[in-house]
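Participant: need coordinates for the following:
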Amino acid sequence: GGVLLSIRCPDGSRCVRRLEPDAPLEAAFLLAEAGWVEQPGTAPLPPAFKLAAQFPRRVFARDGAAAVSLAAAGLGGAQEALLIELPSE
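Facilitator: The predicted model follows:
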């Protein structure tokens, strides 16, 4: 069981992990950070990044993510795809 969570980084790479639906949304942010690889000369992942689902479009901020489960955030399906969104400069 669980949710197969796939997070796409801006460079096109993906981090994929199966998490329980009652896992905190914070786990998705930790997965994104763990999978992020800076290319030489590029900036590290900024702390203010967000995660976004495309269909339907939903954007998740890190504030309060530890207190909300994946299922409560609407990410309780068998497979969920998220994108890392970097803050505008």
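
Participant: use CA for all of it now, contacts and neighbours both
Facilitator: Fine.

Participant: show residues contacting the helix or strand bottoming out on mean pLDDT in the chain.
Facilitator: The helix or strand of the chain with the lowest confidence, counting by mean pLDDT, DSSP states H and E, is helix 26-35 at a mean of 91. If you take CA atoms under 8 Å, 6 or more residues apart in numbering as the criterion, helix 26-35 is touched by 5, 7, 9, 14-15, 17, 45, 51, 62, 65-66, 68, 84.

Participant: can you tell me which of the residues you listed are in strands?
Facilitator: L5, I7, R14, C15, R17, L51, I84 (DSSP state E).

Participant: where does this protein dip in pLDDT?
Facilitator: 89 (pLDDT under 70).

Participant: recalculate using a threshold of 80.
Facilitator: Across the chain, the ranges flagged by pLDDT under 80 are 1, 11, 37-44, 89.

Participant: just to revisit the earlier point, which among the ones in strands among the contacts of helix 26-35 count as buried?
Facilitator: L5, I7, R14, C15, L51, I84 (16 or more other CA atoms under 10 Å).

Participant: can you lay out those as JSON lines showing distance to F29?
Facilitator: Formatted as JSON lines, those follow (distance: CA to CA, whole Å):
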{"residue": "L5", "distance to F29": "11"}
{"residue": "I7", "distance to F29": "9"}
{"residue": "R14", "distance to F29": "13"}
{"residue": "C15", "distance to F29": "11"}
{"residue": "L51", "distance to F29": "8"}
{"residue": "I84", "distance to F29": "9"}
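
Participant: quick check, nearest of these to P24?
Facilitator: L5 (12.7 Å; CA to CA).

Participant: look up how far I84 lies from that closest one.
Facilitator: The spacing between L5 and I84, counted by CA to CA, to the nearest Å, is 13 Å.

Participant: got the contact list for A23?
Facilitator: A23 neighbours (CA under 8 Å, 6+ apart): S69, L70.
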